[in-house]
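Peer 1: Here is a sequence with its predicted model. Questions after.
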Amino acid sequence: MRIASRYVVASVIAAALLSLALSTLGGGQASGAPEMPRLGGVYIKNNIYSEPLSMDPLFAIGADTVMVQMNIFDGLVRLDPVRGTVIPDIAERWSHTPDGKTFTFHLRKGVTYHDGSEVTAADFKYQFERVANPENLSPHLARLAGVVGVRAYQDRRAPGIAGVTAVDKYTLRIAMEQPNILLPFLLTGTWASAVPRPVVERLGKEFGTQPVGSGPFVFEKWERGREIVLRKYANYWRKDRWGNRLPYVDTVVIRKIREMTAVEAEIESGNIDSAYIRYTAYPKYKSHPIYKNNLVEAVEYYTTHVGFNLDTPGAPWRDKRVRQAVGYAIDRKAIVDAVLHGMAYPAFGGPIPLMLPPGQRAPGYDYNPQKARALLAEAGYPRGFTGKISSRDAPQLIAATEAVLGYLNDVGIRLQYEVFDSRTGRLREQDGRFEMYFSTLGGEGHPLLFLLRGFHSRYAGPAGNWVRYRNPAVDQVLDRAAASRDANTMLRLVQEAERMISADAPWAPVWHLKGVVVKQPYVRGLQPVSIDMDFQPLEEVWLAWNPKRR
């Protein structure tokens, strides 16, 4: 049977997600009638992050990387950018056995790579084995845990993953050791994209700079430090409601512009068509006579937090009372209001971003410096302690880290501040080269996946559990939630796990993100994507008229 009709978990969670999604403001016809898309043109957007890591889906991590890869490659399934439900991609339909252990995906016929070769089920098996191979060092290796035969393949006791089978050219079967109806959600990530084996094997590591996918855009060039250029794939399989073959625009240019003043200048001079903006520009564009009606906003499923390296021998924060003290020491609302100008949501609850209604959230930590001092004294640190905290060089993190340091200093926690560029900071977090950090984790479309990635022991390290949190009781609850075939049971177990994690305080959550994109009045098709506002399906973006600069 179709998983789309049967997948009850998705419908329950999606209802909560949809209620939180903010609407696109302005830019459409006053009548509300759909406009007929205009074909052609060059669409230019900004990249406010660091350089992408690689164009190879093996390394699909970080917004700077994924926002490009997702427009070059396609997977079995994709996540609806607004509703948060799993929808067909190359797999036009799929089903699972009653026990939730075996999934069968039926691929579309005639989907081709950019080199003209056809996408087959064997290509997905090949990609999954690339990800599972420890020698490839993919940060997504843990996502295939539980697939039958993965461990034997990794230990070189088997030539392939027995549980991933290309039944025929257009049918892929995946067998799990335990029920896991979240498998389709897991497969929405770019890491699970189809790749052409002959091209990958011919290029080797160079595939990361010369990618060939089956997505809406063909990779054209990458000028490091300047821009990435993608061009329309004329034989892309998707069409719109009017029968137009996607994508609409001929070319996409992603320019690296990090400084917000430069971004503002480029927008206002008409040199770029849309831009993800930071908090410093938010008040300006909220009241701008033109751009206030051309903002696209969404709750983003990221949580910015203080993380503690729990593998640091003898560190004060190995005692959970110290970690709890950090949580009580920070005035989240003041930071969001005064530092971020309201372009975020204070993280008053547990670590999960704003995916669930408030009444279903775990209790968090209110601002209570007296309680923080009492907990420090109880843990044996009545005068506090010293340490180091690292952060990335994003302006909002720098400003907010300074505010956090002030609050921690008030209760006796004196930290030396280290700032790294985004790529170096991410690598240090993944590798555990920190004492404490102030950073952000997210980009997941389901609260259980968020908790698994951030806190399950099998994800400890590069996969997302950067703090190296290991709690067998939490692992067990999360595993039970993943195996559940009942939406209410899964939700109850997610809430139970979040309460346990919040009490252990491996993070001190500070805020949840609000994503804001400012666009030119002629830009259509941008959506309030809660996974990440930069994860836009660019094949659906079009220009209502040609800007004069072109």
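Peer 2: Cool, the structure landed. Here the structure is a predicted model, which is why all the values come from computation and not from measurement. Residues are numbered from 1 along each chain as shown.
Peer 1: I'd guessed G412 sits against A377; true?
Peer 2: No - contact criterion C-beta atoms under 8 Å: G412 and A377 do not qualify, at 9.3 Å. In this view, the C-beta of every residue, glycine as well, is placed from N, C-alpha and C.
Peer 1: Low-confidence ranges, the stretch 251-400 of the chain, go.
Peer 2: 358 (pLDDT under 70).
Peer 1: what ranges do the helices span in it?
Peer 2: 260-268, 282-286, 320-329, 332-334, 369-378, 395-410 (DSSP state H, counting those that start in this stretch).
Peer 1: Which one of those helices lies nearest to V253?
Peer 2: Closest of these to V253 is helix 260-268, at 11.8 Å (criterion: C-beta to C-beta).
Peer 1: about what we covered before: tell me which of G412 and A377 has more neighbours.
Peer 2: Comparing G412 with A377 by other C-beta atoms under 10 Å, the one with more neighbours is G412, at 18 against 15.
Peer 1: nearest residue to the more buried one other than its sequence neighbours?
Peer 2: G384 (2.2 Å; C-beta to C-beta, 6 or more residues apart in numbering).
Peer 1: residues in contact with that neighbour?
Peer 2: L376, V411, G412, I413, R414 (C-beta atoms under 8 Å, 6 or more residues apart in numbering).
Peer 1: ok, now V150?
Peer 2: A132, L144, I161, G163.
Peer 1: Now do it against G160, distance only.
Peer 2: 10 Å (C-beta to C-beta, to the nearest Å).
Peer 1: How about T104?
Peer 2: Distance from T104 to G160, counting by C-beta to C-beta: 18 Å.
Peer 1: and if you look at A132?
Peer 2: In terms of C-beta to C-beta, A132 sits 10 Å off from G160.
Peer 1: Where do the domain boundaries of this protein fall?
Peer 2: By the assignment in automatic domain parsing, the chain contains the domains 3-256+520-543, 301-512.
Peer 1: looking at those, which is closest to L295?
Peer 2: Closest to L295 of these, according to C-beta to C-beta: domain 3-256+520-543, at 5.0 Å.
Peer 1: CA atoms only for stretch 381-394 - export them in CSV, please.
Peer 2: Extracted C-alpha coordinates of stretch 381-394, given in CSV (Å, rounded to 0.1, in the frame of the first residue of the first chain):
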residue,chain,number,x,y,z
TYR,A,381,32.3,24.9,42.6
PRO,A,382,31.1,27.7,44.9
ARG,A,383,33.5,30.2,43.2
GLY,A,384,32.8,28.9,39.7
PHE,A,385,35.4,27.7,37.3
THR,A,386,37.4,28.6,34.2
GLY,A,387,37.3,27.1,30.8
LYS,A,388,37.2,27.7,27.0
ILE,A,389,34.2,28.1,24.7
SER,A,390,34.4,28.1,20.9
SER,A,391,32.0,29.7,18.4
ARG,A,392,31.8,30.3,14.7
ASP,A,393,32.4,33.7,13.1
ALA,A,394,28.7,34.3,12.1
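Peer 1: Tell me which residues of that stretch come out buried.
Peer 2: By neighbour count with 16 or more other C-beta atoms under 10 Å, stretch 381-394 contains the buried residues Y381, G384, F385, G387, I389, S390, S391, R392, A394.
Peer 1: Please apply the same query to stretch 255-275.
Peer 2: 255-258, 260, 263-264, 266-267, 272-275.
Peer 1: can you give me how far that stretch is from the chain middle?
Peer 2: 23 Å (C-alpha atoms, centre = their mean, to the nearest Å).
Peer 1: Give me the contact list for that stretch.
Peer 2: 43-49, 51, 225-227, 277-278, 280-281, 284, 291, 395, 517-520, 522-523, 526, 543, 547-549.
Peer 1: Would you work out how far apart the start and end of that stretch are?
Peer 2: 10 Å (C-alpha to C-alpha, to the nearest Å).
Peer 1: for the residue nearest to R414 when sequence neighbours are not counted, what are its contacts?
Peer 2: Leaving aside its sequence neighbours, R414 sits nearest to T386 (C-beta to C-beta, 6+ apart; 4.9 Å). Contact analysis of T386 by C-beta under 8 Å, 6+ apart lists R414, L415, Q416.
Peer 1: for these, which one is nearest E402?
Peer 2: L415 (10.8 Å).
Peer 1: Give me the most central residue, this protein.
Peer 2: G443 (1.7 Å; C-alpha atoms, centre = their mean).
Peer 1: Verify the stated contact: that residue with T65.
Peer 2: No - G443 is beyond contact range of T65, at 10.8 Å (criterion: C-beta under 8 Å).
Peer 1: do you know how far A329 is from F434?
Peer 2: 19 Å.
Peer 1: So the two - more neighbours on which side?
Peer 2: A329 (27 against 23).
Peer 1: List the residues that contact the more buried one.
Peer 2: So A329 contacts Y367, P369, A372, Y407, L408, D410, V411, I413 (C-beta under 8 Å, 6+ apart).
Peer 1: Skipping its backbone neighbours, what lies nearest V474 in space?
Peer 2: The nearest residue in space to V474 (C-beta to C-beta, 6+ apart) is M500, at 5.2 Å.
Peer 1: secondary structure element for that neighbour?
Peer 2: helix 487-504 (DSSP states H and E).
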